[in-house]
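Q: mind folding the following:
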Amino acid sequence: MKILGLVLILFPALALSSEAECLASIMHSEASGESLEGLISVAQASINRSRATKRLICSIRGVTRKKPPFSIAQHYTALAQSILDGGVSIVGRADSWERALRPRYAGKITRRIGKHTFYVMKGLR
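A: Residues are numbered from 1 along each chain as shown. Purely as a prediction, here's the structure:
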């Protein structure tokens with residue numbers, strides 16, 4: 001773990017790039033059929049989960065990661081990086097989401113965007 005921290009200090013651009021790629025794969029897997037607002041919402045909830053659990057985005061649990069096809073990978077990674085650089089969240093403190101007809105969420109709902117219900121998961125913080 002100390003080595004990872006040293007790498008992040010010495011090569012912050014490399015760390016951001018890796019985190020952006022992980023976030024891009026989460027966005028593609030979890031919200032590829034959604035609008036731009038839906039993609040951004042899933043990304044922001046993932047960032048919130050990362051902060052709440054004190055894990056890197058590449059290490060958060062409970063999400064699917066599937067790399068975007070090569071033809072759109074740069075688009076997803078650039079979008080992910082811009083979301084990481086931004087500060088305003090459209091999902092508030094939400095750190096989780098459901099995309100089911102009857103979601104089994106356990107927490108306070110913050111927003112519904114597209115087919116996703118965003119909420120703050122009980123016990124995660």
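
Q: going forward, measure contacts and count neighbours with C-alpha atoms only.
A: Fine.

Q: isn't Trp97 up against Gly114?
A: No - counting by C-alpha atoms under 8 Å, Gly114 is not a contact partner of Trp97; they are 11.5 Å apart.

Q: between those two, which one's more packed in?
A: Taking neighbours as other C-alpha atoms under 10 Å, Trp97 and Gly114 compare with Trp97 leading, 26 against 15.

Q: could you count how many residues lie near Arg51?
A: 15.

Q: doesn't it belong to a helix?
A: Yes - Arg51: assigned to a helix according to DSSP: H, G, I helix; E, B strand; the rest coil.

Q: distance of it from Ala73?
A: 25 Å (C-alpha to C-alpha, to the nearest Å).

Q: cool, Leu23 as well?
A: 11 Å.

Q: ditto for Gly123
A: From Gly123 to Ala73 the distance is 34 Å (C-alpha to C-alpha).

Q: neighbour count: these two, which is higher?
A: Ala73 (16 against 7).

Q: continuing past the host helix or strand of the more buried one, what's the next helix or strand?
A: According to DSSP states H and E, Ala73 maps onto helix 70-85. For helix 70-85, the following helix or strand on the C-terminal side (DSSP H and E) is strand 96-98.

Q: what's the average pLDDT for that following strand?
A: Average pLDDT, strand 96-98: 91.

Q: what's in contact with that strand?
A: Val42, Ala45, Ser46, Arg49, Arg104, Tyr105, His116, Thr117, Phe118, Tyr119, Val120, Met121 (C-alpha atoms under 8 Å, 6 or more residues apart in numbering).

Q: which of these sits closest to Arg93?
A: Val120 (6.4 Å; C-alpha to C-alpha).

Q: got the CA positions of stretch 38-47 in CSV?
A: Extracted C-alpha coordinates of stretch 38-47, given in CSV (Å, rounded to 0.1, in the frame of the first residue of the first chain):
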residue,chain,number,x,y,z
GLY,A,38,-27.3,9.3,-16.9
LEU,A,39,-23.7,8.6,-17.7
ILE,A,40,-22.5,11.5,-15.5
SER,A,41,-24.8,10.5,-12.7
VAL,A,42,-23.4,7.0,-12.5
ALA,A,43,-19.9,8.4,-12.6
GLN,A,44,-20.6,10.9,-9.8
ALA,A,45,-22.2,8.2,-7.6
SER,A,46,-19.1,6.0,-8.2
ILE,A,47,-16.9,8.9,-7.1
